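**Student:** here is the input, now give the coordinates:
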Amino acid sequence: MRVSKKSSKRVLSFIMALAVALTMCIGFMPQKVLAAAENFQALKDGRVVTSGNISYDDLCISGGFLAPVDDVSKIVSWDATTKTLTITDGSFDDISGDISGITIVVNGNCSTRLIGAVDKDNGNVSTGITIQMNPGAKLTIDQAYGKNKTTEAAAYKEAINTYVTIKGGKLADDGSIVSTESAEVKKDDELQEKGKTSADSATYKVTGTDEGKRSVTYEKPAENASGTEEIKASVILKDGNEYKVTAIGDGAFKNFEKKDDIAKIIIGDNVEEIGKNACEGLKNVKEVKIGKNVKKIGAKAFKGCVALTKCDVPDNVEEIGESANEGCKKLTKLTIGKKVKKIGKKAYYQSGLKNIKVKSSKLTKASKIGKNAFGKINKKAKVKMKMTKSEARKAKAPTIKVFKNKKIGYVKTWSVS
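**Tutor:** Numbers count the residues shown, from 1 in each chain. Sure thing, here's the model as predicted:
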């Protein structure tokens with residue numbers, strides 16, 4: 001088939017016109033497209049995006065939170081319920097878009113190119129932004145609401161002061177926002193975990209600050225605590241150091257306003273002492289898991305926990321304080337660990353104990369178990385010894401004798417074996 005010269009020219013002209021049109025379209029396409037390297041991640045609607053090119057307009061809350069790190073969750077988190085963005089030691093392309101009413105919590109040294117841009121959809125300026133500076137933190141911002149901190153310093157500062165509320169910090173002369181609280185931790189300070197507030201972190205009292213001996217006492221739960229409360233083995237405080245949680249303070253839960261919301265307590269393995277009245281009167285707590293290194297359970301620690309069904313005493317506990325579990329009417333089973341050598345008076349008075357397993361070989365004298373320690377428990381209660389053969393030869397008979405002593409709450413129907 002022959003094609004005329006005239007037809008060939010028409011085809012060529014069409015191809016050239018199409019090429020020009022495509023070039024023009026590409027030229028007018030939005031240019032805010034960010035190439036994502038392998039270790040370049042972004043937060044989109046609270047999810048991590050890692051693959052392909054990332055469109056600027058796809059990044060939200062609305063806006064971009066970019067960080068050249070392997071795991072973006074290490075430096076940024078978003079709580080949609082409270083509209084709180086927490087950033088830690090990170091560099092961000094933008095914190096912008098429709099971000100009215102959000103709280104930005106800043107830990108460590110952070111920076112962003114842009115904050116608080118105009119909402120492109122309706123032209124409104126984002127207002128009601130709160131920046132919470134944690135101790136020792138710094139936030140460097142290149143632009144705020146389109147104003148450059150260097151070339152438009154006065155307008156930049158006016159925009160920050162107009163649209164942003166700064167808590168725990170101030171606007172410095174160089175345009176950065178800096179914490180007004182030192183990151184230093186001193187003995188007897190009462191603090192929350194680094195980057196958290198009293199609403200979402202328990203309060204801890206510092207008991208040791210020397211390297212290798214950093215320690216705290218768990219003083220009270222977070223304001224929003226409910227359900228299962230885990231007392232951690234260690235926490236990171238505002239100075240960035242790790243502190244072991246070695247004790248639960250006196251009245252830690254007893255004095256908590258929402259104590260009736262607590263259903264279970266898990267105690268970390270660095271805790272050595274449970275303070276007096278620590279969990280007294282928690283009427284809805286059903287289980288307490290005591291950490292393996294607890295040595296002392298304070299007086300009235302669990303008194304009046306009427307729903308408690310499980311509160312075994314692990315092997316490292318040496319002392320159970322007086323009235324520790326008094327009135328725990330649903331506590332029917334108990335294991336007493338290997339090292340227990342003292343049980344205070346009324347320790348389990350008026351509890352529901354029916355089955356008691358004794359592993360300790362140190363309860364061989366009447367003086368080691370206080371008066372009415374097991375008084376008014378279940379009338380058909382049984383005590384069972386669980387010892388090695390060598391321990392049993394030396395300790396089983398004396399231990400049985402102690403548990404048959406009327407002063408600790410002996411009743412005729414007890415079966416001690």
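**Student:** on the three-state scheme, residue 188 is what?
**Tutor:** For residue 188, the secondary structure call by DSSP: H, G, I helix; E, B strand; the rest coil comes out as coil.
**Student:** pretty sure it is in contact with residue 204, am I right?
**Tutor:** No - using C-beta atoms under 8 Å as the test, residue 188 is too far from residue 204 to be in contact (11.2 Å). (Each C-beta comes from the backbone N, C-alpha and C, glycine too.)
**Student:** more neighbours: those two, which one.
**Tutor:** Neighbours around residue 188 and residue 204, counted as other C-beta atoms under 10 Å, are more numerous at residue 204. The numbers are 23 against 8.
**Student:** roughly how far apart are the closest residue to the more buried one other than its chain neighbours and residue 208?
**Tutor:** Leaving aside its chain neighbours, residue 204 sits nearest to residue 216 (3.9 Å; criterion: C-beta to C-beta, 6 or more residues apart in numbering). Distance of residue 216 to residue 208, computed by C-beta to C-beta, to the nearest Å: 8 Å.
**Student:** report how many residues lie close to residue 161.
**Tutor:** Other residues near residue 161 number 12, with proximity taken as other C-beta under 10 Å.
**Student:** in a helix, that's where it is, yeah?
**Tutor:** Yes - under three-state DSSP, residue 161 falls within a helix.
**Student:** what separation do you get for it and residue 106?
**Tutor:** 17 Å.
**Student:** so which residue is dead centre in this structure?
**Tutor:** residue 201 (5.6 Å; C-alpha atoms, centre = their mean).
**Student:** check contacts around that one.
**Tutor:** 192-193, 222 (C-beta atoms under 8 Å, 6 or more residues apart in numbering).
**Student:** pick the one among those residues closest to residue 254.
**Tutor:** Proximity of the contacts of residue 201 to residue 254 (C-beta to C-beta) peaks at residue 222, which lies at 16.2 Å.
**Student:** tell me the spacing between that closest one and residue 203.
**Tutor:** The value you get for residue 222 to residue 203, if C-beta to C-beta is used, is 8 Å.
**Student:** mutual contacts of those two, please.
**Tutor:** By C-beta under 8 Å, 6+ apart, residue 222 and residue 203 have these common neighbours: residue 192.
**Student:** in which helix or strand does residue 158 reside?
**Tutor:** helix 153-163 (DSSP states H and E).
**Student:** mind giving me the packing neighbours of that helix?
**Tutor:** strand 138-144, strand 147-148, strand 169-171 (3 or more C-beta pairs under 8 Å, 6 or more residues apart in numbering; DSSP states H and E).
**Student:** for the longest one, buried residues please.
**Tutor:** Along strand 138-144, the positions that meet the burial threshold by neighbour count (16 or more other C-beta atoms under 10 Å) are 138-141, 143-144.
**Student:** state the mean pLDDT of that strand.
**Tutor:** In this model, strand 138-144 carries a mean pLDDT of 91.
**Student:** just the C-alpha atoms of it, please, in PDB.
**Tutor:** Output of strand 138-144 as PDB, limited to C-alpha atoms (Å, rounded to 0.1, in the frame of the first residue of the first chain):
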ATOM      1  CA  LYS A 138      14.200  22.500  70.800                       C
ATOM      2  CA  LEU A 139      12.100  23.000  67.600                       C
ATOM      3  CA  THR A 140      13.700  24.900  64.700                       C
ATOM      4  CA  ILE A 141      11.200  26.200  62.100                       C
ATOM      5  CA  ASP A 142      12.300  27.800  58.800                       C
ATOM      6  CA  GLN A 143       8.900  29.200  57.900                       C
ATOM      7  CA  ALA A 144       5.600  29.800  59.800                       C
END
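**Student:** which other residues reach that strand?
**Tutor:** Residues contacting strand 138-144 (C-beta under 8 Å, 6+ apart): 104, 106, 108-116, 131, 133, 148-149, 156, 159-160, 163-164, 169, 175-179.
**Student:** which among those count as buried?
**Tutor:** 104, 106, 108, 110, 112-116, 131, 133, 149, 156, 159-160, 163-164, 169, 175-179.
**Student:** what's the burial count for residue 228?
**Tutor:** Neighbours around residue 228, by other C-beta under 10 Å: 12.
**Student:** separation between it and residue 201?
**Tutor:** For residue 228 relative to residue 201 (C-beta to C-beta), the value is 16 Å.
**Student:** can you list the residue ranges for strands in the stretch 201-350 of the chain?
**Tutor:** For the stretch 201-350 of the chain, the strands defined by DSSP state E, counting those that start in this stretch cover 203-208, 215-220, 227-231, 234-236, 242-248, 262-267, 273-274, 287-289, 296-297, 319-320, 333-336, 342-343.
**Student:** among these, which is the most enclosed?
**Tutor:** Mean neighbours per residue, mean count of other C-beta atoms under 10 Å, is largest over these for strand 273-274, with a mean of 25.
**Student:** who does it pair up with?
**Tutor:** strand 242-248 (parallel), strand 296-297 (parallel) (DSSP bridges).
**Student:** export these to CSV and tack on distance to residue 332 and mean pLDDT?
**Tutor:** Listed next are the strands paired with strand 273-274 as CSV, based on distance: least, C-beta to C-beta, whole Å; pLDDT from 0 to 100:
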stretch, distance to residue 332, mean pLDDT
strand 242-248, 25, 98
strand 296-297, 19, 98
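**Student:** so which of those strands is nearest residue 395?
**Tutor:** Using C-beta to C-beta, these put strand 296-297 closest to residue 395, at 21.7 Å.
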